[in-house]
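>>> Provided below for reference: sequence and predicted model.
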Protein chains: 4
Amino acid sequence: MCTGLTLTTNDGYHLFGRSMDIEYSFNQSPLFIPRNFTWNNVVTKDINKIKYAILGMGTMMEGHPMMADAFNEKGLACAGLNFPGYASYEENIIDGKINIGPYDLILWVLSNFEKVSEVKEALGNLNIVSVPFSQSTPLPTLHWIVYDKNDDCIVIEKVKGKLNVYDNKIGILTNSPTFDWHITNLRQYMGLTSTQPPEAIWHKQELIPLGQGLGLCGLPGDFSPASRFVRTSYFKSHIALNKDELSGVTAFFHILANVSMVGGSVVTPANLNDITLYKSSMCLEKGTYYYNTYYNNQITIINMHNEDLDASEVKVFPYRDVQSIYYEN
Amino acid sequence: MCTGLTLTTNDGYHLFGRSMDIEYSFNQSPLFIPRNFTWNNVVTKDINKIKYAILGMGTMMEGHPMMADAFNEKGLACAGLNFPGYASYEENIIDGKINIGPYDLILWVLSNFEKVSEVKEALGNLNIVSVPFSQSTPLPTLHWIVYDKNDDCIVIEKVKGKLNVYDNKIGILTNSPTFDWHITNLRQYMGLTSTQPPEAIWHKQELIPLGQGLGLCGLPGDFSPASRFVRTSYFKSHIALNKDELSGVTAFFHILANVSMVGGSVVTPANLNDITLYKSSMCLEKGTYYYNTYYNNQITIINMHNEDLDASEVKVFPYRDVQSIYYEN
Amino acid sequence: MCTGLTLTTNDGYHLFGRSMDIEYSFNQSPLFIPRNFTWNNVVTKDINKIKYAILGMGTMMEGHPMMADAFNEKGLACAGLNFPGYASYEENIIDGKINIGPYDLILWVLSNFEKVSEVKEALGNLNIVSVPFSQSTPLPTLHWIVYDKNDDCIVIEKVKGKLNVYDNKIGILTNSPTFDWHITNLRQYMGLTSTQPPEAIWHKQELIPLGQGLGLCGLPGDFSPASRFVRTSYFKSHIALNKDELSGVTAFFHILANVSMVGGSVVTPANLNDITLYKSSMCLEKGTYYYNTYYNNQITIINMHNEDLDASEVKVFPYRDVQSIYYEN
Amino acid sequence: MCTGLTLTTNDGYHLFGRSMDIEYSFNQSPLFIPRNFTWNNVVTKDINKIKYAILGMGTMMEGHPMMADAFNEKGLACAGLNFPGYASYEENIIDGKINIGPYDLILWVLSNFEKVSEVKEALGNLNIVSVPFSQSTPLPTLHWIVYDKNDDCIVIEKVKGKLNVYDNKIGILTNSPTFDWHITNLRQYMGLTSTQPPEAIWHKQELIPLGQGLGLCGLPGDFSPASRFVRTSYFKSHIALNKDELSGVTAFFHILANVSMVGGSVVTPANLNDITLYKSSMCLEKGTYYYNTYYNNQITIINMHNEDLDASEVKVFPYRDVQSIYYEN
């Protein structure tokens, strides 16, 4: 399970990122995909050129970059989040359409477009096909959040017989059920407030607030997709201390920390610990990818503009998962 | 508002720490107090010698260390947490008793004792007096959590006319109301579980869990002291991935991250943002103090055994509050 | 706001009914509509014959019965519940279709069909038109629950450009949002249980349940449509003491009592008290209509088989809204 | 488990009553105890005279009235509610004190006093002793709510080594834990409101309330003592439509209906259904006792002034537990 988040800083930067909640490692690392890299479409066997350089988190499988969340040099960003029980792809290739597997949607979006409006238009011609990447790789069940520097955001959900594209005005995505359900669910919680209720008298009993924070009484604290959607939406839309890129990234990580899974709090049916493997935040204007991991609190940054955008090979960065502590003495 | 936490790692280390939730800085820094430091009792004007070296977070006021959370070389630890509406100190000095101000309780505990059982005994002779540290410093309204290497833990609450000492079997403290209220409150939430509910049929409607984590449905998500106590207690008592000192400290920070305040989520009556200023974790066996801050995710460590235990002056370490990022490229 | 409920007794009777939550009286009474009554279709001006006698709660407007909830002699039942923000009818009459106003849907359903399967088939030919009953009567914004003696249940929702018909496997309806949203929402609460959690130890703290009923911790207690849907669904699907018609009706009223609005608990923007005006329960096999009201706890029963089914005029029964107390001495 | 409630009508009548939640019948009936009845103190073998006539619900055991809830001719009322895990009586009789068993506290209070202030004074001399009524009758674990026509209300709790008397300013009692815990718990919920939250925009997402009643989001819906205390307190202190004796009694029953247990919703460890056996409401000024039962919605009334106050024998009224329906046709 995962949470996708977008945030605009007070001085106008656009941040995009996610938490990755999962009970195992998928061999993820930061990947840089330069402009001259070409990739094979698994479904059609076509060879595709990258138009725009891409930076994000993913894994290389047989020379093919499988991205979990990434953005391109134009400031378009995309992440795939688990969508079990709803994601349903087409059986057949359709001639005249762009046919891709779900694992390649991020690559297709980021290598071709500059902004959300272009993606929306192109989606009419897209056919997501249920062809697995390889025999040993089960088809992922995903939906996607796409974001750009205009604060435009959409959600793409391929359900049985339909490709739904939602305008995402809150700029949040979690997991099942469908995006529109979550938006409706927010309306249950719209009375929440960051301010303290005033002192009250119920019959003749004076009531004084117990500590700070009682205006959020009713906010659900579990890690279900619905609860994470509510919490993230509330915190994002009430965020403070979000002035510039750095404080914005800091705020971004604080929001995601609230919905991050503590080891042991959620145990899967196979008795594995569902944890927040990593959290990422990208500044679309700056070309910077920030992340930290379950085992390493320190944030690592990669700047795509410090790389050769015109290279032809994917660059795999180390995944910094060892607690990097500052030794004061 | 704050959360105090204790945790035992699988290999037997004892961790103690807290989150500091507050709407302003109190000029805090890590402080090392060596054995030959002496301090003035504000209430009695007596001069006191430190028996055991102390490391923790605090602030120096007129040469006097005011500690928020700390531990000593023997592995005894103590933290003070806000206790508004309940904390009530004595008006008068009592001859034959140890008379101190509430701001000095941590110093008194850590400079004199090796373990919780000794503190419990000594508390019978303690008189906490409502003498402010100075004219410009209002009296803090505190209660305290004390912890040692035997996993013994107590809470000290000075309320109107009474000094209550509670055995703290869960090893958690937040804020008002009194500790025993919180323990009773846990019993409302004892049906929570980390495992997923099984598929069910209600009348003829099949129900399949929505994502992972539904066993925690009902867990409160707000930042009130009661909700933080419940969440921290649940996570601590169900913690996984807690093998050794480092993974334990990591788990410790994850638990506290869940109850950490995101800027904007709680706004005080004076319209200030209540945030989690810092989070700390001390390994009682190792003499190590770990912390990170609202603006700096990286954990900083200070080891008291790298200092001169027999020095006579308090050493003030820098408070590392600037985002320390690892630059990958 | 309202709650629609269906229930099967252990000995096989089918009960159907609702609570009517509203901030004013709509001049409602039990109405009996015999077989030889004819009604004018407001939209088309056609005169329609009743095929099956009908009994239920409604109001006579200019000789026209406006039903809120009712059933017919064949054991088909239907109720209309408020569906604000979603209900959207067609602008235009369509030739060749059955064109009716939303206030006449119950009358159309119950005067023409014997069971849910027939209604489902006929709905393909239905056009619900936004023609108000009269100039002074605003168009109601409704969706409908239909139920029969086979325990078949559907929900009819006319939303923008679409008539949605849902199989209602839980047999519950409340208000907005759409029915499918509520069914998905139940999946958040599927871990609830009527049994007590076992004693537990969190770290070293023993926890003993506080009273009975802790397995329902997390059940929402407010009166929003979503919360009433969850509670009613849980209670219906876990009902006990439901042996025969009478105990079933008793259980039925207990379920609805739990979601009934106490005066003062919900105040509308116009500062009126939203209360549960009445609760009804019909036994489809017996032809009996049971109801009680906000001001009268005693249940009143009307049996359609005690009336002349072949009459031609609507019979209006008194609305028994005065507390009818049994005087013991 | 049970809920005790007090309510003042707009025109100044004082109502007192309770719901009785239990998984079995205790052979209860309305009992009238006249002035010339005498009773044996089981503990001391003394014979006691009744000063004031009493009316309430109870059961006769070997000629001894065991009251669950009752009031006297002077308008003093008292009810006993289950208090498991906390109630703890004295082992020994104390000479010079009034020694009674817990099952006789209501009788002692109502047969001797006119108002709460008198009871408070007398309690200093009371010793509640753990002598069972008979070998086959286990000692009940109770606490008590006492109320009078001045709207004065207290709670009496005999816990280990202490008799606590609390002023009950909210006028509510449920079950364990202790009364003061529940009052503190209300402070978690003091932000709840009967009014609808205004439309909001979270980031760019417009949010419109879903139906009425969203101001109560966060109100717990389960049947634990804590949740029933919160709901009853909220509804009582926000009650409307409470003008006179009859509408007040009606409102009273509505409040209790909200916390009444639906069969099947709570199942005891012995697999029995915990249900609300009956609900009562007494008008202290009028001498009237109103009640209805799980199986009979109609309210039955008994007026003590229609009885011979100077009689010497307890009068046992029938317990009206069969659904008494009004047949319209």
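Arrived safely, thanks for sending.
>>> Just checking: what are the partner strands of the least confident helix or strand in chain A by mean pLDDT?
Counting by mean pLDDT, DSSP states H and E, the weakest-scoring helix or strand in chain A turns out to be strand A:47-49, with a mean of 93. Strand pairing for strand A:47-49, determined by DSSP bridges: strand A:38-40 (antiparallel).
>>> Return the distance of the strand it pairs with from the chain's centre.
For strand A:38-40, the distance from its own C-alpha centre to the chain's C-alpha centre is 24 Å (Cα atoms, centre = their mean, to the nearest Å).
>>> can you list contacts of the least confident helix or strand of chain A?
Contacts of strand A:47-49 from elsewhere in the structure, counted by Cβ atoms under 8 Å, 6 or more residues apart in numbering or on different chains, are A:36, A:38-41, A:108, A:111. Placement of C-beta: from N, CA and C, glycine included.
>>> I would like the residues contacting the helix or strand following that strand, please.
The C-terminal neighbour of strand A:47-49 among helices and strands, as given by DSSP states H and E, is strand A:54-61. Strand A:54-61 is contacted by residues A:20, A:26-33, A:65-73, A:106-107, A:110-111, A:133-134, A:137, A:278, A:280, A:282, A:287, A:289, A:291, A:302, A:304, A:307, A:314, A:316 when judged by Cβ under 8 Å, 6+ apart.
>>> where does strand A:54-61 sit relative to the chain's centre, distance-wise?
The gap between where strand A:54-61 is centred and where its chain is centred comes out at 14 Å by Cα atoms, centre = their mean.
>>> Can you point out the buried residues in the host helix or strand of A:Met66?
In this structure, A:Met66 sits in strand A:64-72 according to DSSP H and E. Of the residues in strand A:64-72, those buried under the neighbour-count criterion (16 or more other Cβ atoms under 10 Å in any protein chain shown) are A:64-72.
>>> re the thing from before, can you put the contacts of strand A:47-49 in a markdown table and add neighbour count, distance to D:Gln212 and pLDDT?
Rendered in a markdown table, the data for the contacts of strand A:47-49 read as follows (neighbours: other Cβ atoms under 10 Å in any protein chain shown; distance: Cβ to Cβ, whole Å; pLDDT from 0 to 100):
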| residue | neighbour count | distance to D:Gln212 | pLDDT |
| --- | --- | --- | --- |
| A:Asn36 | 14 | 61 | 96 |
| A:Thr38 | 10 | 59 | 96 |
| A:Trp39 | 19 | 54 | 95 |
| A:Asn40 | 14 | 57 | 94 |
| A:Asn41 | 19 | 53 | 95 |
| A:Trp108 | 20 | 46 | 97 |
| A:Ser111 | 23 | 50 | 97 |
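>>> and of those, the nearest to chain B?
Nearest to chain B among the contacts of strand A:47-49 is A:Asn36, at 18.7 Å by Cβ to the nearest Cβ.
>>> about what we covered before: I'd like the next helix or strand past the strand holding A:Met66.
Taking DSSP H and E as the definition, the helix or strand that follows strand A:64-72 towards the C-terminus is strand A:77-82.
>>> right, is that following strand up against chain C?
No. Counting by Cβ under 8 Å from any Cβ of the partner chain, chain C is not contacted by strand A:77-82; separation bottoms out at 15.9 Å.
>>> quick one: strands adjacent to the helix or strand just after that strand?
Using DSSP H and E, the helix or strand that follows strand A:77-82 in sequence is strand A:98-100. Paired strands of strand A:98-100, with direction, are strand A:126-128 (parallel) (DSSP bridges).
>>> now the strand it pairs with: mean pLDDT?
Strand A:126-128 shows a mean pLDDT of 97.
>>> Also stretch A:311-321?
Taken as a whole, stretch A:311-321 has an average pLDDT of 98.
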